[in-house]
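[1] I would like to see how this sequence folds:
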Amino acid sequence: MTAEQTLPEAMRWSTANCTISRTMEILGEKWTFHVLREVFLGVRRFEDIRARTDIPRQVLTDRLTRLIDRGLLHRVPYRVPGQRERSEYRLTEAGLDLYPVLVALVQWGDQHLPIPGGPPLVAHHRGCEAEVQVVLRCQAGHEPTPRETAFRPGPTAQEA
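    Prediction:
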């Protein structure tokens with residue numbers, strides 16, 4: 001068997017247009033998911049997000065701007081009587097589509113980094129109060145394990 005025959009199939013394909021790389025350009029910064037967590041939990045005002053996360057003011061400003069520019073959040077104006085107009089930050093459809101990712105991160109953390117006494121957050125279905133979990137499911141309805149799942153080159157894959 002030659003060295004080329006023992007290489008994983010993925011080595012034959014370029015990562016130049018990798019979906020994970022493009023996604024991590026947006027989500028890979030340290031504070032991004034902290035900001036998204038707060039907005040998902042209903043904390044939408046700058047000072048409230050800052051107080052709950054302890055993010056430095058300029059870093060929070062930069063993250064919010066980036067999330068708006070990338071289409072995950074949008075500003076909604078509000079005014080407290082006697083004060084200037086400010087903005088709340090709300091999720092767009094693209095931002096809401098990240099909810100399963102957030103739930104998966106919580107699931108992983110609770111399983112692999114548990115704390116005594118149980119998890120600090122548990123996702124529940126508002127309709128029936130059952131706990132929500134993220135699962136892999138194929139289009140045929142099966143729930144394969146990660147070892148039963150494989151990535152294959154897609155229509156825009158480029159050879160290495």
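
[2] for Thr149, grab phi and psi.
    Here the main-chain torsion angles of Thr149 (degrees, to the nearest 10) amount to phi -120, psi 140.

[3] tally of neighbours for it?
    Other residues within reach of Thr149 by the criterion other C-beta atoms under 10 Å amount to 9. C-betas here are computed from N, CA, C, even on glycine.

[4] also Ala140?
    Under the neighbour criterion other C-beta under 10 Å, Ala140 is assigned a count of 6.

[5] before we move on, what SS does it have?
    When classified by DSSP: H, G, I helix; E, B strand; the rest coil, Ala140 comes out as coil.

[6] ok, now Val76?
    Recorded secondary structure, Val76: strand (three-state DSSP).

[7] what's the closest non-adjacent residue to it?
    Excluding its sequence neighbours, the residue lying closest to Val76 (C-beta to C-beta, 6 or more residues apart in numbering) is Glu88, at 4.8 Å.

[8] quick check, that neighbour in contact with Arg45.
    Yes. When contacts are counted by C-beta atoms under 8 Å, Glu88 is listed as touching Arg45 (5.6 Å).

[9] list the residues that contact both of the two?
    Taking C-beta atoms under 8 Å, 6 or more residues apart in numbering as the contact criterion, the residues that touch both Glu88 and Arg45 are Tyr78.

[10] picking that back up, any idea which element the residue nearest to Val76 lies in?
    Using DSSP states H and E, Glu88 falls within strand 85-91.

[11] show me what counts as buried in the very next helix or strand once past that strand.
    Heading C-terminal from strand 85-91, the first helix or strand you meet, by DSSP H and E, is helix 93-96. For helix 93-96, a neighbour-count test (16 or more other C-beta atoms under 10 Å) marks Gly95 as buried.

[12] do stretch 99-107 as well
    102-103, 106-107.
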